[in-house]
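Colleague: below are the sequence and a predicted model; questions follow.
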Amino acid sequence: MEKYMSEPTNTNAIEIQVTTEYIEEQSNPEKDRFVFAYTITIRNHGTEPVQLLSRYWRIQDGNEQVHEVEGEGVVGQKPMLEPGQDFTYTSGTAIATPIGHMEGHYIFERADGSQFTAPIPCFRLAHSAMIH
């Protein structure tokens, strides 16, 4: 088990931190399938509650093949974060190479109905045993 942790970012008082992990038991390198779990912690450092409405991901493997994903909420939820509160979830992705990266953004809504985008900076997906 290997893990990678990104540097936390803070935009619009929302801090996003990512940890990734290669999932060997779900991967099949002979068939170009490398599975990664990513755990994201979102913390509201602001002074008002916000709700996560949607997400967008741009996933790129080592062959520069890009897959885009967007949709409502995360893991079937649209969490409301009060000031000082955090929300952590784990999801996953599969790519065709032992190294790649992801980046994207979340759309949040404030109590007054205004929305803002919180970017998720690029983070690495890597299975170091396969990299020469």
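Modeller: Received, thanks. Worth saying up front: this structure is predicted, and the values here are computed from it rather than measured.
Colleague: the nearest residue to residue 13 once chain neighbours are set aside: what's it in contact with?
Modeller: In space, and not counting its chain neighbours, residue 13 is closest to residue 46: 3.3 Å by Cβ to Cβ, 6 or more residues apart in numbering. For the C-beta atoms, the positions are set from N, CA and C on the backbone; glycine is no exception. Residue 46 sits next to 12-14, 83 when contact means Cβ atoms under 8 Å, 6 or more residues apart in numbering.
Colleague: what about residue 46, distance to residue 37?
Modeller: Plainly put, residue 46 is 28 Å away from residue 37 if you go by Cβ to Cβ, to the nearest Å.
Colleague: and for residue 109?
Modeller: In terms of Cβ to Cβ, residue 109 sits 28 Å off from residue 37.
Colleague: now swap in residue 24 and tell me
Modeller: Relative to residue 37, and taking Cβ to Cβ, residue 24 is found at 11 Å.
Colleague: kindly report the same for residue 117.
Modeller: 25 Å.
Colleague: number of residues surrounding the residue nearest to residue 73 when sequence neighbours are not counted?
Modeller: Once flanking residues are discounted, residue 73 sits nearest to residue 52: 6.3 Å by Cβ to Cβ, 6+ apart. As a burial measure, residue 52 scores 23 neighbours (other Cβ atoms under 10 Å).
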